[in-house]
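Chemist: can you look at this prediction? I've put the sequence above it.
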Amino acid sequence: MSAILPPGERLWWKQPLDRVEAIWILIAFVWCMVMFFMMPYWHVYGKQNLSTETYRTTPDMFAKKAQAVIDKYTVRTETDEKIPVVHPPAGEDVYLIARLWAWHPILELEVGKTYRLHLTAMDYQHGFSLQPENINIQVIPGYEHVVKVTPNRVGTYAIVCNEFCGIGHHKMVSKLYVVK
Amino acid sequence: MATSTEQFRVCPRTGLQYHRSAELLIKANAFVAVVFLLIGGVLALFIALTRWQAIHLVGADTFYMLLTAHGLDMLIFWIIFFEMAILYFCSSTLLRSRLATPRLGWVAFALMLIGSVSVNFTVFKGESTVMMTSYVPLPGHWSFYLGLILFAVGALIGCFIFLGTLVVAKAEKTYEGSIPLVVFGAMTACIIAIFTIASGAIILIPTFLWAAGYISHIDPLMYRTIWWAFGHSSQQINVAAHISVWYAIAAIVFGAKPMSEKVSRTAFLLYILFLQLASAHHLLSDPGLSVEWKVFNTSYAMYLAVLASMIHGLTIPGAIEVAQREKGYTRGLFEWVRKAPWGNPVFSGMFISLIGFGFLGGISGVMMGTEQLNMLIHNTIYVPGHFHATVVIGTTMAFMSLTYFLIPTLFNREMILPGVAKWQPYVFGFGMALFCLAMMGAGTLGVPRRHWDITFAGTSLPYEFPGTANLMIATFAVAGVIAVIGGGMYVLVTVGSLLWGKKLDVGTYSNERSVLRMPVASALTSHGTTAGFAAPGTFVFAMVFLVAFVLYYFVNWKYLSTVWGLA
Ligand code: HEM
Ligand SMILES: [Cu+2]
Ligand SMILES: [Cu+2]
């Protein structure tokens, strides 16, 4: 009579389905397929797909490449710590270092232009969280992740760390500028 | 306790048959589970009141430490101890069998207890503030990983005792026909658990050796991939377990029988078949993994496991509706709902659990688990908003409801404070639902999870979150306090009943046992007929669910289409 007793018929698998169940299974299945095909569809027609371009790297290697870009394109420094603000030409490779507990350097990008943003972590895992845009990407030591970004609005953005990275986690925050 | 002959009693109130050694094990596991729930609940209060920036109760070190402990005590220790109790109950009591190797059951229990206590010890000493995920290379003390390994070994033994008991029951012919659906569901949970614990071992053993200094490096991405094969699959154990509990409660309260055994069992099988590397869910915004791998695995092989949950979500209320209609509540579409025993916490808790799990946990989970949409919420507080809906409203509330049923039959006590018990599911369910919604709201606005100070005081380049975000945080903190009160009501009633509840007739222990019979009489009468439309009210609910699901899903795509271009 119930789910805590054996099925009432020995050949329970031969019992026909009620229409409520059959129709619902069909609807649910179709909906699942729609959701499944949305993902490949967006890869073809959508403009927001996270790149998978990734290289193995070490803190030294990455720091050297990042420093070269900083040396070349720093336009000014900010705050008492003199954090460089880097304004590379459109289309350039830009580097962002995540480390305990800072993002380095500050980037200044031009609206509507596409950049290759290289991300890695020097020590623990960190979380790249662009606010208020709310784009979130995991940053993992040993992996250099190249994400193509195209800012679409001028403004001052923040980069918050949203992966727990130790006791100073909540102090890990920086800026990113998008200019004309 | 261990006598040479097996001893059984039949509960005079429910007719359930208990094997004495199994009974003790069930009680011990359930009791320890509730103790961890209590600890976790107290921690929850501190965490919630710290995230509310206006109160900011504890300092940063303490906050991260308590958050680590809360995650572990709740998600791992409360849930898994209780699941052990469920496995023993389903195999020995529901199948009317003796439990295989009860002594080994105590070994498992001891390992789990030692493991969980030592994990708590190292966390509260402040040596392992690494969150329950302990992402390498964040350093935890070696005893942290060792404790988790011991706990897992204990749980693994428990799983084998469950399977062993199924074998014993079959060999000793303690039941007729096929095993009941609820036992089948528990078996699903058990099989997934074995796979899950194996993944846990594969990653935690090297991590333990790393923490102890024997291995120099563990690849963080590999760690994440295997850790989540453990971490996410274990959520599928919870789902299989709490869905079994829903079926059990529908059966106990209404005598509801599954609308179709075939459909419900196949749906359980889908969980096993399409579990895959469910870790993909958690790696959608990670570097280094291919799009094909993410897309295929995240949806659990084309959403077929989601399909299974949608099926259970219909068949359980559907079964209740059919049972109620047979009792004569046939007026209109919804008389069966109105006339349900809303004052009985066994039922109300289960029903709130089902609705909350589906609407809040299910819809948000599918949204998060979509490859591109994941970028919008990854690591924001939306994520805990989602999983408190699944693992608290879903799993925890289902287990709570089951306890109300177990107090008179397993523990042989009359429940104290029935008025408190009656309100408990509503207080807890309302608090938790609001808590989840507000967390999801805050996450949509970008508020990070596991974060002590979103005002970024003392930093040189602070960011100010929109005012609504602060409102959302205050809301979830208040709702969290309400939920903690609801949780406290549960602990009060259950533990209080064990201490002060009136002792009830236990029945007598003897060596006689009866066979679990197939329910013959009803087999043909109740639904021999073919395709009717037996549960129209449930179908309407399902449509409402579908509309909410579709709307929310596409609203998020719309939102995604407005953010920066990414390629
Ligand atoms: C009683 C009411 C509860 C309240 C008020 C509550 C509150 C919270 C809060 C505020 C967080 C922190 C979110 C963050 O800052 O990232 C959290 C995290 C968490 N909670 Fe709960 N919780 C409750 C019950 C539960 C239960 C019953 C479970 C499991 C069954 C659970 C599992 C977790 C987990 C796994 C985390 C994540 C820890 C981490 O990020 O490592 N909670 N909870
Ligand atoms: Cu960080
Ligand atoms: Cu961080």
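Modeler: In hand now; what should we look at? Numbers count the residues shown, from 1 in each chain, chains lettered A, B, ... in the order given. Ligands and ions are numbered 1, 2, ... in the order given.
Chemist: near ligand 2, which residues of chain A?
Modeler: Contacts of chain A with ligand 2, taken as Cβ under 5 Å from the ion, map to A:126, A:161, A:165, A:172. In short, each C-beta sits where N, CA and C put it, glycine included.
Chemist: out of those, which is most surrounded?
Modeler: residue A:126 (32 neighbours; other Cβ atoms under 10 Å in any protein chain shown).
Chemist: helix or strand: which one has the closest residue to ligand 3 within the stretch 451-567 of chain B?
Modeler: Nearest residue of the stretch 451-567 of chain B to ligand 3 (Cβ to the ion) works out as residue B:451 at 8.0 Å. Using DSSP states H and E, residue B:451 sits within no helix or strand.
Chemist: quick one: contacts for it?
Modeler: Residues in contact with residue B:451, defined by Cβ atoms under 8 Å, 6 or more residues apart in numbering or on different chains, are A:162, A:169, A:170, B:51, B:381.
Chemist: now those residues in JSON lines, with distance to residue A:91?
Modeler: Shown next, in JSON lines, are those (distance: Cβ to Cβ, whole Å):
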{"residue": "A:162", "distance to residue A:91": "28"}
{"residue": "A:169", "distance to residue A:91": "33"}
{"residue": "A:170", "distance to residue A:91": "35"}
{"residue": "B:51", "distance to residue A:91": "41"}
{"residue": "B:381", "distance to residue A:91": "35"}
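Chemist: which positions in the stretch 301-450 of chain B make contact with chain A?
Modeler: For the stretch 301-450 of chain B, the residues in contact with chain A (Cβ under 8 Å from any Cβ of the partner chain) are B:302-304, B:306-307, B:310-311, B:314-315, B:318-319, B:366, B:370-372, B:375-380, B:444-446, B:448-450.
Chemist: which bits of chain A sit near ligand 3?
Modeler: Applying Cβ under 5 Å from the ion, one finds that chain A approaches ligand 3 through A:161, A:165, A:169, A:172.
Chemist: try 8 Å
Modeler: By Cβ under 8 Å from the ion, the residues of chain A that approach ligand 3 are A:101, A:124, A:126-127, A:161-166, A:168-170, A:172.
Chemist: could you flag which of the residues you listed are buried?
Modeler: Burial by neighbour count, judged by 16 or more other Cβ atoms under 10 Å in any protein chain shown, picks out A:101, A:124, A:126-127, A:161-166, A:169-170, A:172 from those.
Chemist: ok so, going back, so which of the contacts of residue B:451 are in helices?
Modeler: Within those, residues falling in helices by DSSP state H are residue B:51.
Chemist: where does chain A have low pLDDT?
Modeler: Along chain A, segments meeting pLDDT under 70 span A:1.
Chemist: run the chain-centre distance for whichever helix in chain A runs longest.
Modeler: Ranked by number of residues, the top helix in chain A under DSSP H is helix A:19-45. On the basis of Cα atoms, centre = their mean, to the nearest Å, the separation between the geometric centre of helix A:19-45 and that of its chain is 26 Å.
Chemist: try stretch B:470-489
Modeler: Worked out by Cα atoms, centre = their mean, stretch B:470-489 lies 20 Å from the chain centre.
Chemist: which other residues reach it?
Modeler: The contact list for stretch B:470-489 (Cβ under 8 Å, 6+ apart) reads B:37, B:41-42, B:44-45, B:48-49, B:51-55, B:385, B:392, B:420-421, B:423-425, B:427-432, B:434-435, B:438-439, B:441-442, B:445, B:447, B:454.
Chemist: before we move on, what about stretch B:17-30?
Modeler: B:1-3, B:6-11, B:81-82, B:84-85, B:88-89, B:92-93, B:96-99, B:102, B:105-106, B:109, B:403, B:406, B:410-411, B:509, B:513-514.
Chemist: ok, residue B:289 touching residue A:52?
Modeler: Yes. Shown here, residue B:289 and residue A:52 form a contact pair, counting by Cβ atoms under 8 Å, at 6.7 Å.
Chemist: on that earlier part again, tell me the first helix or strand C-terminal of the longest helix of chain A.
Modeler: In N-to-C order, the element after helix A:19-45 by DSSP H and E is strand A:54-56.
Chemist: show me what that next one is packed against.
Modeler: strand A:143-150 (3 or more Cβ pairs under 8 Å, 6 or more residues apart in numbering or on different chains; DSSP states H and E).
Chemist: for the strand it packs on, C-alpha coordinates in CSV please.
Modeler: Taking C-alpha atoms only, strand A:143-150 is exported to CSV below (Å, rounded to 0.1, in the frame of the first residue of the first chain):
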residue,chain,number,x,y,z
TYR,A,143,47.6,28.5,-14.1
GLU,A,144,47.6,31.5,-16.3
HIS,A,145,44.1,32.2,-17.5
VAL,A,146,43.7,34.4,-20.5
VAL,A,147,40.3,36.0,-20.7
LYS,A,148,39.3,38.3,-23.5
VAL,A,149,37.4,41.2,-22.1
THR,A,150,35.5,44.0,-23.8
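Chemist: in it, what's buried?
Modeler: A:143, A:144, A:145, A:146, A:147, A:149, A:150.
Chemist: check the offset of the host helix or strand of residue B:187 from the chain's centre.
Modeler: Using DSSP H and E, residue B:187 sits in helix B:181-211. Relative to its chain's centre, helix B:181-211 lies at 15 Å (Cα atoms, centre = their mean).
Chemist: and the most centrally placed residue in chain B, how far is that from residue B:161?
Modeler: Residue closest to the average C-alpha location in chain B (Cα atoms, centre = their mean): residue B:395, at 3.0 Å. Relative to residue B:161, residue B:395 is positioned 22 Å away (Cβ to Cβ, to the nearest Å).
Chemist: all strands for the chain, in order.
Modeler: Just so you know, I chose chain A. Secondary structure of chain A (DSSP state E): strands at A:54-56, A:74-78, A:83-86, A:93-99, A:102-104, A:106-110, A:115-121, A:126-131, A:135-139, A:143-150, A:155-161, A:173-179.
Chemist: was after chain B, sorry
Modeler: Secondary structure of chain B, counting by DSSP E: strands at B:8-10, B:17-19, B:565-566.
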